[in-house]
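Trainee: from the sequence below, what's the structure:
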Amino acid sequence: MLEILDGFNHDTVAIKASGVVTGDDYDNRLLPAIEGRLKDHASIKLWYEFDVGFKGISVETLWDDAMLGFFHLTDFSRVVIITDSDWITAMAKAMAYMIPCPVKVFDRSDSQLAAEWIADNGN
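Mentor: Numbering: from 1, shown residues only. Down below sits the predicted model:
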């Protein structure tokens, strides 16, 4: 499941993943949030937080995730990943090389540092 989080700047889409993320989550929550922000901003920031209860992504959602990256690849100015999972950290760091914007991974205990980093407009 994806939950849209409040309390971030208007140019930031913040989500929390828990349980199993499905294609419906992408279609009904994530994509509308991204496209809504892009109406007001040339590029946006993405806060992607993985809850301790995150179990994985359904097979069809892997395709949705790939398409999101393909169609919105240049729409992001910064991406932050919040997780305590070693495998998610490794996956995020590997995928960061394919994204043309700064991507940083933070432990859940460092979420305040992550909030400061994503709010920064510098490099």
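Trainee: what is the least confident helix or strand in the protein?
Mentor: helix 59-72 (a mean of 58; mean pLDDT, DSSP states H and E).
Trainee: quick one: strands adjacent to the very next helix or strand once past it?
Mentor: From helix 59-72 onward toward the C-terminus, using DSSP states H and E, the following helix or strand is strand 76-82. Strand pairing for strand 76-82, using DSSP bridges, gives strand 44-57 (parallel), strand 103-106 (parallel).
Trainee: just give the closest residue to His41, not the sequence neighbours.
Mentor: Nearest residue to His41, sequence neighbours excluded (Cβ to Cβ, 6 or more residues apart in numbering): Asp11, at 4.7 Å. Quick note: C-beta positions are derived from backbone N, CA and C, even for glycine.
Trainee: same check on Thr22?
Mentor: Ser58 is the one closest to Thr22 (Cβ to Cβ, 6+ apart), at 4.9 Å.
Trainee: could you report the distance from that neighbour to Tyr26?
Mentor: 10 Å (Cβ to Cβ, to the nearest Å).
Trainee: so between those two, which is more surrounded?
Mentor: Between Ser58 and Tyr26, counted using other Cβ atoms under 10 Å, Tyr26 has the larger neighbour count: 22 against 15.
Trainee: what pLDDT does the model give the more buried one?
Mentor: Note on Tyr26: pLDDT of 82.
Trainee: pretty sure it sits in a helix.
Mentor: Yes - counting by DSSP: H, G, I helix; E, B strand; the rest coil, Tyr26 falls inside a helix.
Trainee: is it true that it touches Leu2?
Mentor: Yes - the criterion here is Cβ atoms under 8 Å, and Tyr26 meets it with Leu2 at 7.4 Å.
Trainee: report the contact partners of the residue positioned nearest the centre of the chain.
Mentor: A centroid search over the chain (Cα atoms, centre = their mean) returns Tyr48, at 3.2 Å, as the residue closest to the centre. Contact analysis of Tyr48 by Cβ atoms under 8 Å, 6 or more residues apart in numbering lists Ile15, Ala17, Val79, Val80, Ile81, Ile82.
Trainee: next one, pLDDT for it please.
Mentor: We have a pLDDT of 94 for Tyr48.
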